[in-house]
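Student: Quick one, fold the following:
(one chain, ligands or ions: 1)
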Amino acid sequence: MAKNVGILAMDIYFPPTCVQQEALEAHDGASKGKYTIGLGQECMAFCSEVEDVISMSLTAVTNLLEKYKIDPKQIGRLEVGSETVIDKSKSIKTFLMQIFEKFGNTDIEGVDSTNACYGGTAALFNCVNWVESSSWDGRYGLVVCTDSAVYAEGPARPTGGAAAVVMLVGPDAPVAFESKLRGSHMSHAYDFYKPNLASEYPVVDGKLSQTCYLMALDTCYKCLCSKYEKLEGKQFSLSNADYFMFHSPYNKLVQKSFARLLFNDFMRNASSVDEAAKEKLGPFSTLSGDESYQSRDLEKVSQQLAKPLYDAKVQPSTLIPKQVGNMYTASLYAALASLIHNKHSELDGKRVVLFSYGSGLTATMFSLKLSEGHHPFSLSNILSVMNVAGKLKSRHEFPPEKFVEVMKLMEHRYGAKDFVTSKDSSLLAPGTYYLTEVDSMYRRFYAKKPADATTCENGSLANGH
Ligand SMILES: CC(C)(COP(=O)(O)OP(=O)(O)OC[C@H]1O[C@@H](n2cnc3c(N)ncnc32)[C@H](O)[C@@H]1OP(=O)(O)O)[C@@H](O)C(=O)NCCC(=O)NCCS
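Tutor: Have a look, this model is predicted:
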C-alpha cells in the first residue's frame, strides 16, 4: 500500500477583482467595524463577468501542471468539489478534461462532489482513498475546489468570496494524511441551502448555521480525540497539534471555534488546561450543550483565554480567508495555503488538525503531518509556486458601487444563454482563462490570456505581436 499519501503540490487562484470590507461597511450603512472587527474580514474577492468557477479551475489546473512540470498523462483521477451550480448534469470535471484530452489522456476517473462547503474535502478524501486502494494505478490524483460565494444584498453579503484551489495527490507527500485520525458528523439541517435553482444566492439562516457549525465541531473533535486515544493510549488535547485550521465563512467564527475547542478540553479533562482557564471556565461547566452555544459570556471568556494559543496555532492560517473571503469548498485549503505561506520553514514534523464544514450538514475533522519533502514536491516549492503575496498585491480594488453593479449583472447572467461577455481580460494575469460567450444552447466558451501578454483588452493581444 502507498505510504504517507497526501498533498504533493498545490496552487491557488483567486480573482484579481476585490472590494475592501471597510469601504463596503460604509457603503452598506453598517456600523463602523461590523465587517472588519465583527466578522473579522479584511477584503473580499469576486468574479467579474469574465470569470466563473470553470475559468478559475481551468487556470488553477493549467498553472499547477505547468509550474510543477507534471505530464498531464500522469493524472489518473480528477475530483472536483464545488457548490456553485452552473449545470445540473454536466460536471465541472468534464470541462477540465479539455486540458487532458489534448494530451491523449481520457482515462481519468472522478466527477464532482457537492454538499455546500464540504465538497472539496469529499473530493480530497476520494483521491487519497484511491491512492491508498488496490485500484490505484500508480498515477497522481488531482483535486480541484472551486467556488464563487455570492449573497443577496443584506447582512450575509460581506461573507462572500471566490477562489479555486488545486492539489496534486500521491504517496510520500510533504502534506501527508494521518488517515486513522478522522472524526465526522453528518446530519440534517436547514442552515444554508440553495433551493431556488433560478438564483445563485443561497437561503441562509446565519445564526442557525453558526450553531450547527459549532455543534458539528464539538462532535467531530470528541470523535477525533477518542480515535487518537484508542490508537495512542493517551489523551488528546490542543497541545497535541501544532496548528488548527477551520473552514472560514468569516474569521470571527474561526476565533469562536478555536475557543470552543479549549472549552472542550476543559470539559473532557480539566487538567489539560492551565489554572486560569480552569478557574474562569468553571462556572460554565454545568451548562447544558444547548445553553453553552447560546452563552455570550462563555463565548467571551473562552475567546479571551484562547487568544495566545489562537495567535500561535490558528492565526497563521487565516491570511487568505480574511483577504479573499469565504471560498466555500476552497476555504479550508486556502487556510492550508496561508499556513505554508506564513510558516513554511518551521513546518517540518508538525501536525495540523483541520475542520471541514458544509451546511446541510456534513463535517469532518482530520489530521495532516507535514515534512519539507523533496523538490518539486516540497513545502518550499509549494510556497514559491503559490506566490500568495504577489497575487494579493496585484489585485484591483473596486469601489463598493462598482461591486454592486457587477453583482447585478451576474444576477442577470445566471442561468442565461445567448450572450457574449466583454472579453475584457485587462485585469487578469497572463495565462488566465476567461469566459467569452454562452451560446443559444447554453454552451460556454473560454479563452486564455496569452502567457506572454502584458496587456490584453477585449480578448485581443496587445503585447507587440
Ligand atoms: C454571519 C452573519 C449571520 C452576520 O450577520 P448579522 O446578523 O448582521 O451580524 P451580527 O449583528 O450578529 O454581527 C456580527 C458580529 O459583529 C459584531 N459587530 C456588530 N457591529 C459591530 C461593530 N460596529 N464593531 C465591532 N463588532 C460589531 C457583532 O457583535 C457580532 O459579533 P459576535 O458574533 O461576536 O456577537 C451573516 O453575515 C451571515 O448570515 N453570513 C452567512 C454565513 C454562512 O452561513 N455561511 C455559510 C455557512 S458555513
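
Student: residues from the protein in reach of the ligand?
Tutor: The chain has residues 31-34, 37-39, 117, 155-156, 159, 192, 204, 206-207, 209, 213, 249-250, 252, 357, 359 near the ligand, with proximity defined as C-beta under 6 Å from any ligand atom. The C-beta positions use only the backbone N, C-alpha and C, and glycine is treated the same way.

Student: Check those residues for burial and list the buried ones.
Tutor: For the residues of the chain next to the ligand, a neighbour count by 16 or more other C-beta atoms under 10 Å gives the buried set as 34, 39, 117, 156, 159, 192, 204, 206, 209, 213, 249-250, 252, 357, 359.

Student: What is the lowest-pLDDT residue among these?
Tutor: For these, the weakest pLDDT value sits at residue 206, with 92.

Student: next one: phi and psi at the residue nearest to it when sequence neighbours are not counted?
Tutor: Spatial nearest neighbour of residue 206, excluding adjacent residues (C-beta to C-beta, 6 or more residues apart in numbering): residue 156 at 6.0 Å. Backbone torsions for residue 156, taken as degrees, to the nearest 10, come to phi -80, psi -20.

Student: who's in contact with the residue lying closest to residue 254 once chain neighbours are set aside?
Tutor: Computed as C-beta to C-beta, 6+ apart, the closest residue to residue 254 that is not its neighbour in sequence is residue 246, at 4.6 Å. Residues in contact with residue 246 (C-beta atoms under 8 Å, 6 or more residues apart in numbering) are 217, 253, 254, 257, 258, 314, 332, 335, 354, 355, 357.

Student: got it, and residue 375?
Tutor: Contacts of residue 375 (C-beta under 8 Å, 6+ apart): residue 381.

Student: now do 10 Å
Tutor: 68, 381 (C-beta atoms under 10 Å, 6 or more residues apart in numbering).

Student: tell me the contacts of the residue in the stretch 251-400 of the chain positioned nearest to the ligand?
Tutor: As assessed by C-beta to the nearest ligand atom, the ligand sits closest to residue 359 within the stretch 251-400 of the chain, at 4.6 Å. Counting by C-beta under 10 Å, 6+ apart, residue 359 makes contact with 83, 115-118, 189-194, 202, 204-205, 208-209, 212-213, 216, 249, 328.

Student: swap the cut-off to 8 Å and go again
Tutor: Contact analysis of residue 359 by C-beta under 8 Å, 6+ apart lists 116, 117, 189, 191, 192, 193, 209, 212.

Student: closest point of the stretch 151-300 of the chain to the ligand, which residue?
Tutor: residue 206 (2.2 Å).

Student: ok, that residue touching residue 157?
Tutor: No - counting by C-beta atoms under 8 Å, residue 206 stays clear of residue 157, with 11.3 Å between them.

Student: before we move on, the earlier item: for residue 145, state which of the buried ones among the residues of the chain next to the ligand is nearest.
Tutor: The closest of these to residue 145 turns out to be residue 117 (C-beta to C-beta; 9.1 Å).

Student: got the residue ranges for the helices in the stretch 201-350 of the chain?
Tutor: When assigned using DSSP state H, counting those that start in this stretch, the helices of the stretch 201-350 of the chain occupy the ranges 206-232, 251-268, 275-281, 289-294, 296-313, 319-324, 331-343.

Student: Look at the closest residue to residue 224 other than its chain neighbours and give its secondary structure.
Tutor: Sequence neighbours aside, residue 183 is the residue nearest to residue 224 in space, at 3.7 Å (criterion: C-beta to C-beta, 6+ apart). Three-state assignment for residue 183 (DSSP: H, G, I helix; E, B strand; the rest coil): strand.

Student: partner residues bridging residue 183?
Tutor: Using DSSP bridges, the beta-bridge partners of residue 183 come out as residue 365.

Student: got a list of what it touches?
Tutor: Here residue 183 is in contact with 219, 220, 221, 222, 223, 224, 225, 226, 227, 364, 365, 366 (criterion: C-beta under 8 Å, 6+ apart).

Student: try 10 Å
Tutor: For residue 183, the contact set (C-beta under 10 Å, 6+ apart) comprises 219-228, 355, 363-367.

Student: Check those and tell me the two furthest apart.
Tutor: Using C-beta to C-beta, the contacts of residue 183 reach their maximum pairwise distance at 228 and 363, which is 17.5 Å.

Student: Neighbour count: these two, which is higher?
Tutor: Using other C-beta atoms under 10 Å as the criterion, residue 228 and residue 363 rank with residue 363 on top: 26 against 22.

Student: Give me the spatial nearest neighbour of residue 257, chain neighbours excluded.
Tutor: Of all residues not flanking residue 257 in the chain, residue 246 sits nearest, at 4.9 Å (C-beta to C-beta, 6+ apart).

Student: that older thread, what is the residue nearest to the residue of the stretch 251-400 of the chain closest to the ligand when sequence neighbours are not counted paired to in the beta sheet?
Tutor: Nearest residue to residue 359, sequence neighbours excluded (C-beta to C-beta, 6+ apart): residue 192, at 3.5 Å. Counting by DSSP bridges, residue 192 forms beta bridges with residue 204.

Student: any chance of the contacts of residue 359 in JSON lines, with distance to residue 280 too?
Tutor: Below are these laid out as JSON lines (distance: C-beta to C-beta, whole Å):
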{"residue": "116", "distance to residue 280": "35"}
{"residue": "117", "distance to residue 280": "32"}
{"residue": "189", "distance to residue 280": "31"}
{"residue": "191", "distance to residue 280": "30"}
{"residue": "192", "distance to residue 280": "33"}
{"residue": "193", "distance to residue 280": "38"}
{"residue": "209", "distance to residue 280": "28"}
{"residue": "212", "distance to residue 280": "27"}
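
Student: still on that earlier bit, check the gap between the residue nearest to residue 254 and residue 117 for me.
Tutor: 11 Å (C-beta to C-beta, to the nearest Å).

Student: Need the overlap of contacts for the two.
Tutor: 213, 331, 332, 356, 357.

Student: which one of those is nearest residue 147?
Tutor: Comparing those against residue 147 with C-beta to C-beta places residue 331 closest, at 8.3 Å.

Student: Mind pulling up the pLDDT for the closest one?
Tutor: 98.

Student: need the contact list for it.
Tutor: Residue 331 makes contact with 117, 120, 145, 147, 149, 161, 163, 165, 245-249, 254, 320-321, 324-325, 356-357, according to C-beta under 10 Å, 6+ apart.

Student: If any of the residues you listed are buried, put those into a PyMOL selection.
Tutor: In PyMOL, a selection of the buried entries from the contacts of residue 331 looks like this (16+ other C-beta under 10 Å):
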select buried, resi 117+120+145+147+149+161+163+165+245+246+247+248+249+254+320+321+324+325+356+357
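
Student: Which of the contacts of residue 331 fall within strands?
Tutor: Counting by DSSP state E, the contacts of residue 331 place 145, 147, 149, 161, 163, 165, 245, 246, 356, 357 in strands.
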